[in-house]
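Colleague: 3D model of this:
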Amino acid sequence: MDKKSLKNTITTIIAVIITLTLVVFCLLLSDYSLSQNQQTTLTILIIVCSVSILYCFVVGEITQNFSQMDKLWSILPIAYLWIIAIRGGLKIRLVMYAVIVTLWGIRLTINFAKKGAYRLKFWTGNEDYRWSIVRNRFFKNRLAWTAFDLFFISMYQNLLVLAICFPALACMESEASIGAWDIAAVILSLLFLVLETISDNYQWNFQQTKKKMLSEYGSLQELPSPYSLGFNTTGPWGYMRHPNYLGEQGIWISLAIFAIGAGVTSNIFFHWSMVGPLLLVLLFMGSSKLGESISSQKYPLYKDYVDQVHKYIPLHKFDDKDDQ
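Modeller: You can find the predicted model right below:
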């Protein structure tokens, strides 16, 4: 194994270990306690998660399509939330939580399906283009990539998807009536869902139009603005570099507010169930960094875009000076 692959493999494994250690540490320090029903429900969820980990790793290695978890990312939370809701007696708070996650999952599944990710043979379909870039850039050695597939793609991401549903698990036994915190959770999560939906639609339309124009014009430089840039600056993308990521993180953080409304915590800043949404934020920090490094190499003006436009805060609109 070459030094670079070995270093990246060790870094990945250490990151997973540190993250899991921090999760356990946070659970021990917080007001962590589960009823018998919650413990049984968690056991069921862990079994489903474990099967998914095994499936993603084995099938990914056999087919060499490493987007198995990408396909399940939007499906598993729906299953987790309805398991929690049903075992929680279909309380209104849990049902609202599950319905919002279902809307989120349906939208994301359709969005991924449009990219050719799903086939009748579920293990086939288009792989997320970023995995081949990560594989070729950071993991030259096959064994190193296999370790990354096991520890990060299959194990870590599955555990993260389970963890982002913990606030719902925390609400299972609550008998508190619906109040202001719950209404805030619903409104905020739906607003972020709308933002993510609009952002993805703008991105899809831009990329499809650019693809069609490229078949007609032949080169990126010959395309009319803004398609000649290569990257999207239409709609929310003109004001934020990652409006879809903001929407995704915002949805799960907003849903965690249900735990406050349920009265399971008086601390609005941290509760053991909020570990998952916080880890999701860390994941998108790395994902956005990777995406921007890829775009910077492909498109000359992307660095200007980074300099002018904030990642999540719409302070400035992108100004393509070369187009004036």
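
Colleague: Going along the chain, name the helices of the stretch 101-250 of the chain.
Modeller: In order along the chain, the stretch 101-250 of the chain carries the following helices (DSSP state H, counting those that start in this stretch): 129-138, 142-148, 157-163, 166-171, 180-217, 243-255.

Colleague: what's the angle between the last one and helix 180-217?
Modeller: Which is helix 243-255. In terms of direction (axes from the mean of the first three to the mean of the last three C-alpha atoms, to 10 degrees), helix 243-255 departs from helix 180-217 by 160 degrees.

Colleague: next SSE after helix 243-255?
Modeller: Per DSSP states H and E, the first helix or strand lying C-terminal to helix 243-255 is helix 258-261.

Colleague: circling back to that earlier point, turn the helices of the stretch 101-250 of the chain into CSV, including mean pLDDT and mean neighbour count.
Modeller: Yep, even glycine has a C-beta here, placed from its N, CA and C like the rest. What follows is these, written out as CSV (pLDDT from 0 to 100; neighbours: other C-beta atoms under 10 Å):
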stretch, mean pLDDT, mean neighbour count
helix 129-138, 88, 15
helix 142-148, 90, 18
helix 157-163, 94, 21
helix 166-171, 94, 27
helix 180-217, 96, 16
helix 243-255, 96, 22
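
Colleague: Could you dump those into TSV with distance to residue 105 added?
Modeller: Listed next are those as TSV, based on distance: least, C-beta to C-beta, whole Å:
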stretch	distance to residue 105
helix 129-138	21
helix 142-148	26
helix 157-163	11
helix 166-171	14
helix 180-217	11
helix 243-255	11
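
Colleague: Poorly predicted segments of the protein, please.
Modeller: 1-32, 266-269, 321-324 (pLDDT under 70).

Colleague: Figure out which of the helices of the stretch 101-250 of the chain is closest to residue 287.
Modeller: Residue 287 lies closest, by C-beta to C-beta, to one member of those: helix 243-255, at 7.2 Å.

Colleague: Could you give the separation of that closest one from the chain centroid?
Modeller: Centre-to-centre, helix 243-255 and its host chain are 9 Å apart (C-alpha atoms, centre = their mean, to the nearest Å).

Colleague: That one - contacts with which helices or strands?
Modeller: helix 92-113, helix 180-217, helix 275-298 (3 or more C-beta pairs under 8 Å, 6 or more residues apart in numbering; DSSP states H and E).

Colleague: Which one of the ones you listed lies nearest to residue 78?
Modeller: Closest to residue 78 of these is helix 92-113 (C-beta to C-beta; 4.3 Å).

Colleague: So which elements touch that closest one?
Modeller: Packed against helix 92-113 by the contact rule (3+ C-beta pairs under 8 Å, 6+ apart) you find helix 76-87, helix 166-171, helix 180-217, helix 243-255, helix 258-261.

Colleague: give me that answer again for 6 Å
Modeller: Counting contacts by 3 or more C-beta pairs under 6 Å, 6 or more residues apart in numbering; DSSP states H and E, helix 92-113 packs against helix 76-87, helix 180-217.

Colleague: Show me which positions of that helix end up buried.
Modeller: The neighbour-count check on helix 92-113 (16 or more other C-beta atoms under 10 Å) flags 93-98, 100-101, 103-105, 108-109, 111-112 as buried.

Colleague: Could you do stretch 309-316 as well?
Modeller: Buried-residue list, stretch 309-316, by 16+ other C-beta under 10 Å: 309, 311-312.

Colleague: Endpoints of that stretch, how far apart?
Modeller: Stretch 309-316 has an end-to-end distance of 6 Å (criterion: C-alpha to C-alpha, to the nearest Å).

Colleague: Ok, stretch 217-229 next?
Modeller: Termini of stretch 217-229 sit 14 Å apart (C-alpha to C-alpha).

Colleague: separation between residue 167 and residue 307?
Modeller: 37 Å (C-beta to C-beta, to the nearest Å).

Colleague: Skipping adjacent residues, who's closest to residue 160 in space?
Modeller: Nearest residue to residue 160 in three dimensions, chain neighbours excluded: residue 279, at 5.6 Å (C-beta to C-beta, 6 or more residues apart in numbering).

Colleague: My error: substitute residue 46 in the last question.
Modeller: Of all residues not flanking residue 46 in the chain, residue 162 sits nearest, at 7.3 Å (C-beta to C-beta, 6+ apart).

Colleague: close enough to count as contact, the one you found and residue 49?
Modeller: Yes: counting by C-beta atoms under 6 Å, residue 162 does reach residue 49; the two are 4.6 Å apart.

Colleague: Overlap of the contact sets of these two?
Modeller: Shared contacts of residue 162 and residue 49 (C-beta atoms under 6 Å, 6 or more residues apart in numbering): none.

Colleague: you'd agree residue 41 is up against residue 87?
Modeller: Yes: between residue 41 and residue 87 there is a contact under C-beta under 6 Å: 4.8 Å.

Colleague: out of these two, which sits in the busier spot?
Modeller: Shown here are residue 41 and residue 87; by other C-beta atoms under 10 Å, residue 41 has more neighbours (21 against 17).

Colleague: and the gap between the more buried one and residue 155?
Modeller: Distance, residue 41 to residue 155, by C-beta to C-beta: 21 Å.
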